[in-house]
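# Need a 3D model of the following:
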Amino acid sequence: MTESLYPVFRVLIVDDEPAWLDSLSLSLERIAGITNVDTCSDSRKVEKILAQGETGLVILDLTMPYMSGQTLLEYISENYPMIKVVVITGLNQLETAVECMKLGAYDYFVKTEGEQRLSMGILSAIQMIELQMENAEMSSRLMEDRLINPSAFSGIQSRSKQMRSIFQYMESVAQTSQPILITGESGVGKEIAAKAIHSLTGKQSEMISVNVAGLDDHMFSDTLFGHIKGAYTGAAGPRSGLLEKANGSTLFLDEIGDMNSSSQVKLLRVLNNGEYFPLGSDIPQFSNAKIVVATNQNLQEKISQGLFRKDLYYRLQTHRVHIPPLRERKEDIPLLLDHFIEEAAKDLQRNMPRVSPDVIPFLQDYSFPGNIRELRSMVYDAVAKCCGSVLKIQSFTKGPDLKATEKSAPSLSETVSDSENLFRGISHLPTLDETVKMLLNEALNRTGKNQSSAAKILGLSQSALNKRLKKMNEME
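Sure, this is the predicted structure:
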């Protein structure tokens with residue numbers, strides 16, 4: 001299976017020394033995970049290559065036959081201002097470097113500086129280009145209100161405008177090399193959002209996921225970085241870590257707010273330059289995995305408590321996706337309800353029941369502290385115990401705020417037989433108006449003030465209930 005190239009645009013290296021071209025290409029792949037590289041040893045061919053429109057970064061030697069690097073730099077700055085140019089030359093001259101920067105070069109390096117510094121400098125230029133592309137793409141999508149890859153969000157049931165804006169942002173940032181932080185309350189679907197981001201990256205391999213909560217520093221290092229043979233007692237052979245397995249893919253770290261301080265330092269190193277050390281090894285390894293993390297905690301509060309590193313927080317804040325709670329997007333409840341009923345009926349091998357008209361407004365009045373996860377559990381429970389073909393309010397028994405449950409007070413028909421009188425034994429009978437008022441208030445209390453549901457219980461139309469409530473308020 002062919003892995004996607006990084007970055008999405010072409011990096012063109014121009015130098016008249018074929019050996020140097022091969023050496024730098026290998027270093028970029030090994031150290032910085034840069035694989036979308038093309039080389040050119042004849043400066044006269046550069047114009048034709050740039051005309052193809054796939055190049056985002058040019059790495060340019062200054063001293064070359066035919067067309068000098070300076071001439072090419074001037075040409076690129078004038079004709080392709082969006083292409084960044086990094087100058088790499090054997091001349092360590094300050095005046096030359098200053099002149100190149102004036103002509104539009106993004107950075108300047110001397111070949112003797114070492115492959116690590118060269119590779120990381122070029123990676124920095126790529127990340128700057130990615131940010132510019134991301135900003136331009138985000139502005140375009142927000143103005144046009146469009147999604148390029150709606151299929152990536154098939155696992156997220158939503159018709160909310162707020163969520164649509166979040167989807168557009170996710171599309172804009174998914175393909176950058178920067179980490180993405182997903183925040184939101186428990187149960188809002190942060191892992192599903194991470195899967196959508198992975199899908200948007202275009203990477204063919206599966207996303208690698210791990211919940212880091214409860215991992216001590218040793219387990220965190222062994223899980224992410226792996227170990228070499230003999231690294232510790234019981235390490236009979238080498239073991240690949242998740243960073244290696246996620247190379248060229250996406251690594252999702254859930255509950256990062258619970259990481260200990262030592263693990264936070266190691267994660268920060270990976271985020272800064274992709275570098276890590278397997279347990280027992282002093283040879284650095286590199287991973288170009290896309291890092292996506294999630295937490296339901298307030299990281300700023302944890303910083304103030306000294307439990308989370310500020311530098312790691314700001315590194316993760318480069319791209320932040322906040323998933324709002326279900327109570328802030330109640331227009332999604334009907335869509336989610338249908339989705340979970342269909343899913344539950346299939347899993348439980350039941351016929352798919354219809355939904356009573358009063359169920360949706362009833363659920364929309366509930367706060368859902370457990371968010372989408374709680375709604376899904378409620379639906380599964382309701383479908384499992386549904387005896388007929390219609391799901392009614394009484395089928396939804398979970399949630400302390402839901403008044404109509406199977407464990408509620410018995411109905412009038414269950415407590416009073418036809419031969420009994422409800423008011424027998426009461427010395428002072430309430431007036432008819434008082435009785436109606438008590439009955440209306442009780443129905444409203446049982447349905448969480450939902451007039452549609454209250455009218456259903458009382459056997460009235462909603463308009464008739466509204467008239468009675470209006471009359472009751474006028475009498476007060």
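# isn't D107 right up against A97?
No: counting by C-beta atoms under 8 Å, A97 is not a contact partner of D107; they are 9.4 Å apart. Bear in mind the C-beta positions are built from the backbone N, C-alpha and C, glycine included.
# Identify the contacts common to those two.
Shared contacts of D107 and A97 (C-beta atoms under 8 Å, 6 or more residues apart in numbering): V87.
# now C40, which residues is it bridged with?
With DSSP bridges as the criterion, C40 is bridged to V14.
# neighbours around it, how many?
A total of 18 residues lie near C40 under the criterion other C-beta atoms under 10 Å.
# how near is it to V14?
5 Å (C-beta to C-beta, to the nearest Å).
# Can you work out which residues contact both of these two?
With contacts taken as C-beta under 8 Å, 6+ apart, C40 and V14 have V46 as neighbours in common.
# check contacts around E137.
E137 is in contact with 171-172, counting by C-beta under 8 Å, 6+ apart.
# what about 7 Å?
Residues counted as contacts of E137 (C-beta atoms under 7 Å, 6 or more residues apart in numbering) are S172.
# pLDDT averaged over the strand or helix carrying it - what is it?
Following DSSP states H and E, one finds E137 within helix 115-144. What helix 115-144 shows for mean pLDDT is 80.
# Tell me which residues of that helix come out buried.
Across helix 115-144, burial judged by 16 or more other C-beta atoms under 10 Å covers 115, 118-123, 125-126, 129-131, 133-134, 137, 141.
# ok, which stretches of the stretch 151-300 of the chain are helices?
161-173, 190-201, 217-225, 242-245, 261-273, 299-304 (DSSP state H, counting those that start in this stretch).
# who touches the second one?
Read that as helix 190-201. Helix 190-201 is touched from outside by 149, 152-153, 155-156, 170-171, 174-175, 180, 182, 184, 207, 209, 250, 252, 254, 290, 292, 294, 321, 323, with contacts defined as C-beta under 7 Å, 6+ apart.
# For burial, what's the neighbour tally of the closest residue to L147 other than its chain neighbours?
Counting by C-beta to C-beta, 6 or more residues apart in numbering, F167 is the residue found nearest to L147 once chain neighbours are left out, at 5.8 Å. The local packing of F167 (other C-beta under 10 Å) involves 23 other residues.
# Show the pLDDT at F167.
pLDDT recorded at F167 is 93.
# neighbouring contacts of stretch 110-122?
For stretch 110-122, using C-beta under 7 Å, 6+ apart, the contacting residues are 27-28, 31-32, 34, 59, 86, 88-90, 92, 107, 109, 273.
# re the thing from before, of the contacts of helix 190-201, buried ones?
Buried members of these, counted by 16+ other C-beta under 10 Å: 152-153, 156, 170-171, 174-175, 180, 182, 184, 207, 209, 250, 252, 254, 290, 292, 294, 321, 323.
# V292 reaches T250, doesn't it?
Yes: V292 lies in contact with T250 (C-beta atoms under 7 Å); the separation is 6.0 Å.
# Return the distance of S389 relative to I333.
Taking C-beta to C-beta, one finds S389 at 21 Å from I333.
# which stretches of this structure aren't confidently modelled?
By pLDDT under 70, the weakly predicted segments of the chain are 1-4, 138-145, 397-427, 446-448, 476.
# domain ranges for it?
As given by automatic domain parsing, the domain ranges for the chain are 10-135, 146-324, 328-395, 429-475.
# what about the strands in the stretch 301-450 of the chain?
319-322, 354-355, 390-391 (DSSP state E, counting those that start in this stretch).
# Using PDB, write out every CA atom in the longest one.
Below are the C-alpha coordinates for strand 319-322, written out as PDB (Å, rounded to 0.1, in the frame of the first residue of the first chain):
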ATOM      1  CA  HIS A 319      -4.700  23.900  16.000                       C
ATOM      2  CA  ARG A 320      -7.600  23.400  18.400                       C
ATOM      3  CA  VAL A 321     -10.900  21.700  17.700                       C
ATOM      4  CA  HIS A 322     -13.600  22.200  20.400                       C
END
